[in-house]
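K.L.:
Fold the following, please.
(one chain, ligands or ions: 1)
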Amino acid sequence: MKKIKIENKYIGENEPVFIIAEAGVNHNGDIELAKKLIDIASECGADAVKFQTFKAEKVVSKRAPKAEYQTKNTGTDESQYEMIKELELTEDDFYELYKYSKNKNIMFLSTPFDFESADYLDELMPLFKISSTDLNNLPFLEYIAKKKKPIILSTGMGTLGEIDEAINIIKKANNNDIILLHCVTNYPASFESLNLRVIRTLKEAFKLPVGFSDHSLGIYAPISAVSLGATVIEKHFTLDKNLPGPDHKASLSPEELKEMVSAIRSIEKALGNGIKRPTSEEEKIKKVARRSLVANVDIPKGATIKKEMIVIKRPGTGIEPKYLNEIMGKKVKRDIKIDEILKLGDIEW
Ligand SMILES: C=C(OP(=O)(O)O)C(=O)O
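P.N.:
Here you go, the predicted model:
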């Protein structure tokens with residue numbers, strides 16, 4: 001399976017999981033809050049911190065309604081346009097956040113939601129993240145693909161057919177560096193709706209690295225996704241789940257983000273290479289923990305071995321238990337004391 005180079009890291013099988021701490025619009029339009037989110041993402045050990053860049057009037061019609069979760073989470077009857085307008089940051093703000101991220105040693109990313117934002121972000125990012133909401137926005141995908149940077153494409157609300165169309169348009173622009181993210185677009189997404197096995201389905205269907213953009217509560221789902229082969233994890237986080245705004249409630253607290261990163265780092269080590277063999281530690285323990293054929297009585301030299309003379313006991317440094325039947329009826333070459341471990345050379349084979 002293809003690996004995709006992003007600055008000094010690779011995304012793909014057997015590589016460390018690329019963790020995107022999704023700040024999204026949880027800065028509530030306040031650049032100081034955005035910087036605090038960068039601080040947290042960096043302290044928690046995420047690979048990248050991500051925002052969302054848009055010009056509200058280019059993204060949403062003033063007549064567009066809000067999604068049900070947006071109304072519920074914001075508790076206001078403003079329009080979708082009004083809601084996202086308040087969450088907009090300027091290009092200068094994003095440049096400042098890019099520089100701030102650089103100082104904090106964390107990769108700056110922001111999902112573009114319009115052509116202009118994509119052009120601007122091209123200067124600041126080594127890859128493009130595309131939101132599920134643009135999976136079927138083929139003109140936009142084609143435009144971004146032509147920038148010849150790796151694309152992380154979220155697939156929430158999509159079908160395999162739509163994902164195929166999206167991949168084809170990107171590949172047609174001679175861009176083959178695509179990473180798919182399974183995603184269920186709901187805030188929060190219930191566990192019943194997550195269908196994490198789709199991670200395997202996408203991998204098999206498209207032979208591309210696959211990750212998971214998670215909108216469920218807590219950290220169980222992203223950790224499980226890593227076990228299922230996710231190579232990228234994107235997860236929302238916030239300074240405070242009680243802040244006003246559409247995404248805070250379905251986001252992780254700073255402590256939870258830290259725990260998620262630490263759990264993923266442990267799990268990726270634990271997954272190993274799939275080759276079944278004893279570890280070097282086990283080789284040592286094996287000698288003590290396994291069993292051998294041991295004398296159950298004193299056995300004089302020349303005696304014929306009978307069942308009651310032998311017992312199977314620790315340690316595992318002698319003849320393996322599977323040879324029990326084979327030594328029956330054989331003679332011993334020396335006096336063997338009770339509880340002595342039989343050696344191959346003790347038996348007249
Ligand atoms: C909303 C976004 O993505 P996703 O569909 O993965 O949640 C995003 O990247 O801003």
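K.L.:
Please name the nearest non-neighbouring residue to M157.
P.N.:
When the adjacent residues along the chain are set aside, M157 lies closest to T185, with 5.0 Å between them (Cβ to Cβ, 6 or more residues apart in numbering). For glycine as for every other residue, the C-beta is placed from the backbone atoms N, C-alpha and C.
K.L.:
Now do the contacts for the one you found.
P.N.:
Residues near T185 by Cβ atoms under 8 Å, 6 or more residues apart in numbering: S132, T133, G156, M157, H215.
K.L.:
ok, so what distance separates the closest residue in space to the first one that isn't next to it in sequence from the ligand?
P.N.:
Nearest non-adjacent residue to S132, counting by Cβ to Cβ, 6+ apart: G156, 3.1 Å away. According to Cβ to the nearest ligand atom, to the nearest Å, G156 stands 5 Å off from the ligand.
K.L.:
just checking, G156 is part of a helix?
P.N.:
No: assessed with DSSP: H, G, I helix; E, B strand; the rest coil, G156 is coil; it does not lie in a helix.
K.L.:
would you list every one of the helices in the stretch 151-300 of the chain?
P.N.:
With DSSP state H, counting those that start in this stretch, the ranges of helices along the stretch 151-300 of the chain come out as 160-172, 191-194, 198-206, 220-227, 254-271, 280-289.
K.L.:
Who are the packing partners of the fifth one?
P.N.:
Using 3 or more Cβ pairs under 8 Å, 6 or more residues apart in numbering; DSSP states H and E as the contact criterion, the elements in contact with helix 254-271 are strand 18-24, helix 31-43, helix 220-227, strand 232-236.
K.L.:
and it with strand 18-24, angle?
P.N.:
Counting by axes from the mean of the first three to the mean of the last three Cα atoms, to 10 degrees, helix 254-271 points 160 degrees away from the direction of strand 18-24.
K.L.:
pLDDT averaged over helix 254-271 - what is it?
P.N.:
Helix 254-271 carries an average pLDDT of 97.
K.L.:
Following element in sequence after whichever strand or helix holds S117, please.
P.N.:
Here S117 is covered by helix 115-122, with elements defined by DSSP states H and E. Remark: after helix 115-122, the chain's next helix or strand is strand 128-130, criterion DSSP H and E.
K.L.:
Any part of the helix holding S117 near the ligand?
P.N.:
No: judged by Cβ under 6 Å from any ligand atom, helix 115-122 and the ligand are separated, with a smallest distance of 11.3 Å.
K.L.:
Show me what V232 is bridged to.
P.N.:
Under DSSP bridges, the beta-bridge partners of V232 are F18.
K.L.:
Wait, it touches L180, no?
P.N.:
No: between V232 and L180 there is no contact, the gap being 9.1 Å when judged by Cβ atoms under 8 Å.
K.L.:
right, and A48 touches E22 too?
P.N.:
No: using Cβ under 8 Å, A48 makes no contact with E22, being 9.2 Å away.
K.L.:
re the thing from before, could you dump the helices and strands packed on helix 254-271 into JSON lines and include mean neighbour count, mean pLDDT and distance to the ligand?
P.N.:
Below are those laid out as JSON lines (neighbours: other Cβ atoms under 10 Å; pLDDT from 0 to 100; distance: least, Cβ to the nearest ligand atom, whole Å):
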{"stretch": "strand 18-24", "mean neighbour count": "26", "mean pLDDT": "98", "distance to the ligand": "6"}
{"stretch": "helix 31-43", "mean neighbour count": "18", "mean pLDDT": "98", "distance to the ligand": "14"}
{"stretch": "helix 220-227", "mean neighbour count": "20", "mean pLDDT": "98", "distance to the ligand": "12"}
{"stretch": "strand 232-236", "mean neighbour count": "26", "mean pLDDT": "98", "distance to the ligand": "6"}
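K.L.:
Nearest to R265 among the ones you listed would be which one?
P.N.:
Judged by Cβ to Cβ, the one of these that comes nearest to R265 is strand 18-24, at 8.8 Å.
K.L.:
any idea of the angle that closest one forms with helix 220-227?
P.N.:
Angle of strand 18-24 versus helix 220-227, following the same axes, to 10 degrees, is 150 degrees.
K.L.:
What parts of the chain come near the ligand?
P.N.:
Residues of the chain lying near the ligand by Cβ under 6 Å from any ligand atom: 24, 52, 111, 129, 131-132, 154, 156, 181, 183, 185, 213, 234.
K.L.:
Can you give the contact residues for the helix holding S117?
P.N.:
53-55, 58, 91, 94, 110, 112, 128, 140, 143-144, 147, 149.
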